[in-house]
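# after the sequence you'll find the predicted model.
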Amino acid sequence: QAIGAAAPVQPKIREAFDWFGSWLWLVDLVGTAKVNRLLEVFEYAHRRHQVTSFVVDSLAKCGISEEDYGAQKALVESLCDFANRFNVHVHLVAHTRKQQDELKPTGKMDVKGTGAITDMAFNLLTVWRNKAKEEAQRNNDTSHDGKPDAMLICSKQRNGEWEGRVGLWFDQESYQYRDAREDPLFRYVGGDE
């Protein structure tokens, strides 16, 4: 994605890792992460490396039962408190409940778990893939061609007025999403090619 190519050559891959290494810090907590440990690592990253944006991928891997709504609420409270205390952004990936089908975009009422997840969040963004279009393309059906491949949906914005949808077009070669099908690919690394 960063290089904008399906099969980049080794020098470009190294260049991409060098570029990421200058500003991206990954914590490899494979398996179920304990909330307190996660927050300790976040605080260290903020204090030591001035990290200001954190991603928890995902709620399902935080060691909390799907039925334990109290623990889910406590986690979200802890993440909100951390974000406010250090003036940073914390992004929590939470999955949606299984729907009857995947043909319609989901919203804040569809997030799996306690309602406190969306109640306490400052913003809620949903990513939806247009599976109907994908199926039509597999069958050489062009009836969905003008429709976006995916949608980024803002269902909640506590400190702003705009809520709405942004259509996105997917480029299979680079794995990049673009605002319009005709938009050029963006090369974050190696833009001289």
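Yep, that arrived. Residues are numbered from 1 along each chain as shown.
# how many neighbours does residue 42 have?
Here the neighbour count serves as a burial measure; for residue 42 (other C-beta atoms under 10 Å) it reads 20. Glycine gets a C-beta too; all of them are placed from N, C-alpha and C.
# wait, residue 100
With neighbours defined by other C-beta under 10 Å, the count for residue 100 comes to 6.
# read off the pLDDT value for it.
The predicted structure scores residue 100 at 86 on the pLDDT scale.
# give the helix, strand or coil label for it.
When the structure is split into helix, strand and coil by DSSP: H, G, I helix; E, B strand; the rest coil, residue 100 lands in coil.
# number of residues surrounding the nearest residue to residue 65 once chain neighbours are set aside?
Among residues not flanking residue 65 along the chain, residue 71 sits closest, at 7.1 Å (C-beta to C-beta, 6 or more residues apart in numbering). As a burial measure, the neighbour count of residue 71 was computed by other C-beta under 10 Å and equals 16.
# now the helix or strand encompassing residue 71: buried residues?
Per DSSP states H and E, residue 71 falls inside helix 69-86. Along helix 69-86, these residues count as buried under the neighbour rule (16 or more other C-beta atoms under 10 Å): 71-73, 75-76, 79, 82-83, 86.
# what do you get for stretch 125-135?
Neighbour-count burial for stretch 125-135 flags 126, 128, 130, 132-133 (criterion: 16+ other C-beta under 10 Å).
# now, those residues that are in strands?
Using DSSP state E, the members of the buried residues of stretch 125-135 that fall in strands are 126, 128.
# ok so, going back, could the buried residues of helix 69-86 go into JSON lines alongside distance to residue 146 and pLDDT?
JSON lines is the format used below for the buried residues of helix 69-86 (distance: C-beta to C-beta, whole Å; pLDDT from 0 to 100):
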{"residue": "71", "distance to residue 146": "45", "pLDDT": "94"}
{"residue": "72", "distance to residue 146": "40", "pLDDT": "96"}
{"residue": "73", "distance to residue 146": "42", "pLDDT": "97"}
{"residue": "75", "distance to residue 146": "41", "pLDDT": "95"}
{"residue": "76", "distance to residue 146": "38", "pLDDT": "96"}
{"residue": "79", "distance to residue 146": "39", "pLDDT": "97"}
{"residue": "82", "distance to residue 146": "43", "pLDDT": "98"}
{"residue": "83", "distance to residue 146": "39", "pLDDT": "98"}
{"residue": "86", "distance to residue 146": "44", "pLDDT": "98"}
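# helices along this protein, start to end?
Remark: helices assigned in the chain by DSSP state H are 10-21, 35-49, 69-86, 116-120, 131-138.
# adding distance to residue 188, write those helices out as a markdown table.
Listed next are the helices of the chain as a markdown table, based on distance: least, C-beta to C-beta, whole Å:
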| stretch | distance to residue 188 |
| --- | --- |
| helix 10-21 | 7 |
| helix 35-49 | 20 |
| helix 69-86 | 26 |
| helix 116-120 | 31 |
| helix 131-138 | 26 |
